[in-house]
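Novice: got a structure for you, letters missing:
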């Protein structure tokens, strides 16, 4: 399993830059993890980006899981 760690903000300000990295990450392996434990700020755009990546992974037949931090988990716990 390959892991990608995201640090700092996962917000509208960083979403475009992170989207390219996350889409490229989907091509690395069939079993993937995105570690969000060091995300310091999270908004609706960040949530939408995670949904997009999760859907793209599923469409490609890949397994993707998220490791959460408290701020992220409080907003996405129902989704995982």
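Specialist: Yep, it's here. Note that the coordinates shown come from a computational prediction; the quantities given were computed from them, not determined experimentally. Numbering: from 1, shown residues only.

Novice: Buried residues of stretch 11-24, list them for me.
Specialist: 11, 14, 15, 18, 22 (16 or more other Cβ atoms under 10 Å). To be clear about C-beta, it is placed using only N, CA and C from the backbone, and glycine gets the same treatment.

Novice: tell me the mean pLDDT for that stretch?
Specialist: Averaged across stretch 11-24, pLDDT comes to 94.

Novice: how far out from the middle of the chain is that stretch?
Specialist: 9 Å (Cα atoms, centre = their mean, to the nearest Å).

Novice: please renumber so the chain begins at 405
Specialist: Renumbered: residue one is now 405, and that last one reads stretch 415-428.

Novice: thinking again about what came up before, out of the buried residues of stretch 415-428, which one sits closest to residue 453?
Specialist: Residue 453 lies nearest to residue 419 out of the buried residues of stretch 415-428, by Cβ to Cβ, at 5.2 Å.

Novice: Could you look up the SS state of the closest residue to the closest one other than its chain neighbours?
Specialist: Leaving aside its chain neighbours, residue 419 sits nearest to residue 449 (4.7 Å; criterion: Cβ to Cβ, 6 or more residues apart in numbering). Under DSSP: H, G, I helix; E, B strand; the rest coil, residue 449 falls in the helix class.
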